[in-house]
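Q: sequence-free structure coming up:
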């Protein structure tokens, strides 16, 4: 990271930033193109190892790319604010506050019913703040659940 003064390395702070993000953008490499998909997510953080869970349709380009090449890049960000460095500032005398997490990982389909329920519960908890969701077999069969096991990440903030 070029700006070491903005790097976040404290695991608790990284988890805090992730918890405030509402969208994770996944980048797939597809025969010379990058295909980026914004998704809502849920996650687990155990021993500084993060796993993100997503859901979606059972078919389409995203699903094809998961099977074709599971190595992906991702990005999430939060707390954006542009502000002037001084009163009556010119355009180039502004900057932005933000927090972001970027990295790489391996994405795969979740096929076991219990892990699908867990992944969907994490997604719902992250997006609603509520726990205790129930999922019946029809719901589980209707949706694809996939997970991203993060292999490396960097977190950055500009206050």
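A: Looks like it arrived, so ask away. A quick note: this is a predicted structure, and the numbers were derived from the prediction, not measured.
Q: these two touch, right, residue 57 and residue 63?
A: Yes: with contact defined as Cβ atoms under 8 Å, residue 57 reaches residue 63; the gap is 7.2 Å. To be clear about C-beta, it is placed using only N, CA and C from the backbone, and glycine gets the same treatment.
Q: what do those two both touch?
A: Applying Cβ atoms under 8 Å, 6 or more residues apart in numbering, one finds that residue 57 and residue 63 are jointly contacted by residue 144.
Q: give me the more crowded residue out of those two.
A: Between residue 57 and residue 63, residue 63 has the larger neighbour count (other Cβ atoms under 10 Å), namely 15 against 10.
Q: now do the helix or strand hosting residue 121: distance to the chain's middle.
A: Using DSSP states H and E, residue 121 falls within helix 113-128. Relative to its parent chain, helix 113-128 has a centroid offset of 14 Å by Cα atoms, centre = their mean, to the nearest Å.
Q: what's next to it, contact-wise?
A: 19, 22, 40-44, 53-55, 110, 130-131, 133, 135, 137, 139-140, 143, 145, 147.
Q: quick one, which of those are buried?
A: 41-43, 53-55, 110, 145, 147 (16 or more other Cβ atoms under 10 Å).
Q: among these, which lie within helices?
A: Taking DSSP state H, every one of these sits outside helices.
Q: distance check, the nearest residue to residue 21 once chain neighbours are set aside against residue 115.
A: Spatial nearest neighbour of residue 21, chain neighbours left out: residue 76 (4.0 Å); criterion: Cβ to Cβ, 6 or more residues apart in numbering. To residue 115, residue 76 is 22 Å away according to Cβ to Cβ, to the nearest Å.
Q: how about residue 156?
A: In terms of Cβ to Cβ, residue 156 sits 31 Å off from residue 115.
Q: okay, the two: which has more neighbours?
A: Shown here are residue 156 and residue 115; by other Cβ under 10 Å, residue 156 has more neighbours (19 against 13).
Q: quick one: terminal-to-terminal distance for stretch 137-148?
A: End-to-end distance for stretch 137-148: 23 Å, by Cα to Cα, to the nearest Å.
Q: list the contacts of the residue sitting nearest the centre point of the chain.
A: Centroid-nearest residue in the chain, with Cα atoms, centre = their mean: residue 24, separated by 3.2 Å. With contacts defined as Cβ under 8 Å, 6+ apart, residue 24 is in contact with 38-41, 52, 54, 74-76, 148.
Q: mind giving me the ChimeraX command for buried ones among those residues?
A: Selecting the buried subset of these in ChimeraX, with 16+ other Cβ under 10 Å as the burial test, is done by:
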select :39,41,52,54,74,75,76,148
